[in-house]
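1. the following comprises the amino acid sequence and a computationally predicted model.
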Amino acid sequence: MQAASIAVKQDPAVQYLLRIGDTVLILGQRLGEWAGHAPVLEEDIALTNIALDLVGQARAVLTHAGAIEGEGHDEDQLAFLRDERDYRNVTLVELPRGDFAVTVLRNTIVATFLRLLWLRLQQSADAELAAIAGKAVKEARYHQQHSADWVVRLAQGTEESRRRMLAAVDQLWRYTSELFASDAVDEHAARTGLGPAWSELKDPWEAEMAQVLAEAGIEMPKATPFLSTGKRGVHSEHMGYVLAEMQHLQRAFPGGAW
Amino acid sequence: MSDVKQEWPLWEVFVRSKTGLDHKHCGSLHAADAKMAIQMARDVYTRRQEGTSVWVVRSDHIVASDPGDKDMYFDPMEDKVYRHPTFYQLPKSVDHM
């Protein structure tokens, strides 16, 4: 038996929560791919610790999204039984894990963004979301520090590690614009006090990233016209593969648990 | 891997638990420098709420007694039980000794 897909309400509050929940969920899934493959044992544990933090955040946010939606969907159904178009993560996190430089740079970009977002969400009009943010902001702060240290180390390391870090910046930077592209979902969240429009986080994010890149001796790339669209459910060609692996068990054994 | 000198140095990790006053040795790890060692110690040794504080020290900075000197160093104390303060009558006013 195969579990059928569920459809999720287009309610803007639910969509806002799914953008957060799906972004941490998919990045957690991508980081989980490093288990057993990181360059050293210690970093293997560090990366999977981060992955588990993110999956924990996803559980809390998706559970809350399901409660607000009011259709009886729990965290597992939301995580594993939606179709690709119903996922609302930014495209950046679904890209393949790449090499270690791509991984630590992406973690830095996302953790810097998430820490700023969680900080603001601590003041959310939604008490449950504010409580989730209070816990998550501590995790994000560590993710940012740990990942940013690696960006600097690789950029200031050997010729090879610097070459890889520069390639990672070149590959990933164009996907950062999506984080700050505002639309009706953001406006609704800002108006109702659920959370900030993500565009409001652009300036502090750029300031923090500029600091990391300066330490790394890397010039901050110019913004490009390219705008990815994962937040609206239009994903890259990589998304289907992530979901196939992530959803397989729940699709094949609906409701399976251990 | 073939060249041992290429490996990151070894660090000893000490963790202070919530209830403990002292940092206890709990293991070792490899890290490139002190900053990384502290982060790795946090990730490797405090994942299950073991700690509230972490110390790391380069393993090659620890000076240890020679195992070959064990009999000379420690055996002479074997027959000097009187060095334990259990042979004295304490005044009543001294509690909880």
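-> Here it is on my side, so go on.
2. name the residues that touch the longest helix seen in chain B?
-> The residue-count maximum for a helix in chain B (DSSP state H) belongs to helix B:34-45. For helix B:34-45, contacts defined as C-beta atoms under 8 Å, 6 or more residues apart in numbering or on different chains pick out A:42-43, A:45-46, A:49, A:142, A:145-146, A:149, A:153, B:11, B:13, B:15, B:26-27, B:29-31, B:51, B:54, B:56. (C-beta placed from N, C-alpha, C; glycine too.)
3. that helix: how far from the chain's middle?
-> Relative to its chain's centre, helix B:34-45 lies at 16 Å (C-alpha atoms, centre = their mean, to the nearest Å).
4. heading C-terminal from it, find the next helix or strand.
-> strand B:53-58 (DSSP states H and E).
5. before we move on, back to that, just the ones of the contacts of helix B:34-45 in strands?
-> With strands defined by DSSP state E, the entries of the contacts of helix B:34-45 inside them are B:11, B:13, B:15, B:26-27, B:29-30, B:54, B:56.
6. among these, which pair sits farthest apart?
-> Within the ones in strands among the contacts of helix B:34-45, B:Val15 and B:His30 form the most distant pair, 17.4 Å apart (C-beta to C-beta).
7. run a quick neighbour tally on the nearest residue to A:Ala130 once chain neighbours are set aside.
-> With C-beta to C-beta, 6 or more residues apart in numbering or on different chains as the criterion, A:Ala130 has its nearest non-adjacent residue at 4.5 Å, and that residue is A:Ser124. Neighbours of A:Ser124 under the rule other C-beta atoms under 10 Å in any protein chain shown: 20.
8. what does the one 4 residues further on give?
-> As a burial measure, A:Glu128 scores 14 neighbours (other C-beta under 10 Å).
9. up against chain A, what does chain B have?
-> Taking C-beta under 8 Å from any C-beta of the partner chain, the part of chain B that reaches chain A is made up of B:8, B:29-32, B:35-36, B:39-40, B:42-44, B:47.
10. residues touching the residue in the stretch 51-200 of chain A positioned nearest to chain B, list them.
-> Closest to chain B within the stretch 51-200 of chain A is A:His146: 5.6 Å, counting by C-beta to the nearest C-beta. A:His146 makes contact with A:46, A:50, A:107, B:39, B:43, according to C-beta under 8 Å, 6+ apart.
11. quick one: which of those is nearest A:Gly240?
-> Lowest distance from A:Gly240 to those (C-beta to C-beta) belongs to A:Asn107, with 23.0 Å.
12. pLDDT score assigned to that closest one?
-> For A:Asn107, the pLDDT comes out at 98.
13. same for the strand or helix carrying it, what does it pack against?
-> Secondary structure from DSSP H and E places A:Asn107 in helix A:100-121. The contact analysis (3 or more C-beta pairs under 8 Å, 6 or more residues apart in numbering or on different chains; DSSP states H and E) places helix A:100-121 against helix A:12-32, helix A:127-155, helix A:159-172, helix A:202-216.
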